[in-house]
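> 3D model of this:
(one chain, ligands or ions: 1)
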Amino acid sequence: MNGVLGNFARLSHFNYDQNGKDWNVNTGRQQSPVALTTAKAVKSTASELIFINYNKALSRPLKLTNNGHTLKMSIPCAEDCSQPAVCGCKLKSIYKAVQLHFHWGSPEKKGSEHSINCTRYDAELHIIHQNIAYALKENALCSWDGFVVLAIMVNIVEVSLSSIYIFMTLTTNRSL
Ligand SMILES: [Zn+2]
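Next up is the predicted model:
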């Protein structure tokens, strides 16, 4: 798996070595990557984020695509035709999950887009959610509230083949 990730990393045209300072992009207060620190964190009074239909199996087949920059997957509806989504917290709408993709580095460099307390992670999973107020992606792209991205930090660990077998059994046997 690391070899595959390493090959993808070599195709990347950008990295996070300088936390984005070496990128030729517009800057602003909402620009990624973000260096999160608990010392500057403010306790929020917002309600919890609510996950809708996240526990349901997605309709298959699932199709992963290598676009030369990342590994991504469009998120289909669930087998019962419901759509995974999030709401609550400070969100004023429901946001349906539409796509996921990964950010990663190489065996020598960490690949997470963001950092937490100066720690970078091996990889970062982004789950893109589109505001249901916008039927078309193009309209959502033009709106400040068009999308919500959930970022999940990933550390790569070695696992035994038997652990993978148990995991695959659990995820493919719906009666469990
Ligand atoms: Zn991303």
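> gap between stretch 163-170 and the chain center?
Stretch 163-170 has its C-alpha centroid displaced from the chain centroid by 23 Å (CA atoms, centre = their mean, to the nearest Å).
> run a quick neighbour tally on residue 147.
Using other CB atoms under 10 Å, residue 147 has 17 other residues around it. C-beta: built from backbone N, CA, C; applies to glycine.
> I'd say it and residue 95 touch.
Yes. Look at residue 147 against residue 95 with CB atoms under 8 Å: they come within range, at 7.3 Å.
> which neighbours do these two share?
Overlap of the contact sets of residue 147 and residue 95 (by CB atoms under 8 Å, 6 or more residues apart in numbering) consists of 129, 130, 131.
> let's have the residues you listed in a markdown table, adding neighbour count, distance to residue 45 and pLDDT.
Output for the shared contacts of residue 147 and residue 95, formatted as a markdown table (neighbours: other CB atoms under 10 Å; distance: CB to CB, whole Å; pLDDT from 0 to 100):
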| residue | neighbour count | distance to residue 45 | pLDDT |
| --- | --- | --- | --- |
| 129 | 25 | 22 | 97 |
| 130 | 23 | 27 | 98 |
| 131 | 19 | 23 | 98 |
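> same list (those) but as CSV, adding distance to residue 47.
What follows is the shared contacts of residue 147 and residue 95, written out as CSV (distance: CB to CB, whole Å):
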residue, distance to residue 47
129, 17
130, 21
131, 18
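> flag the shaky bits of this protein, pLDDT-wise.
Applying pLDDT under 70 to the chain flags the ranges 1-21, 23-30, 167, 170-176.
> tell me the contacts of the most centrally placed residue in it?
Centrality entry for the chain: nearest residue to the mean C-alpha point is residue 126, 1.1 Å, by CA atoms, centre = their mean. Residue 126 makes contact with 100, 101, 102, 103, 113, 149, 150, 151, 152, according to CB under 8 Å, 6+ apart.
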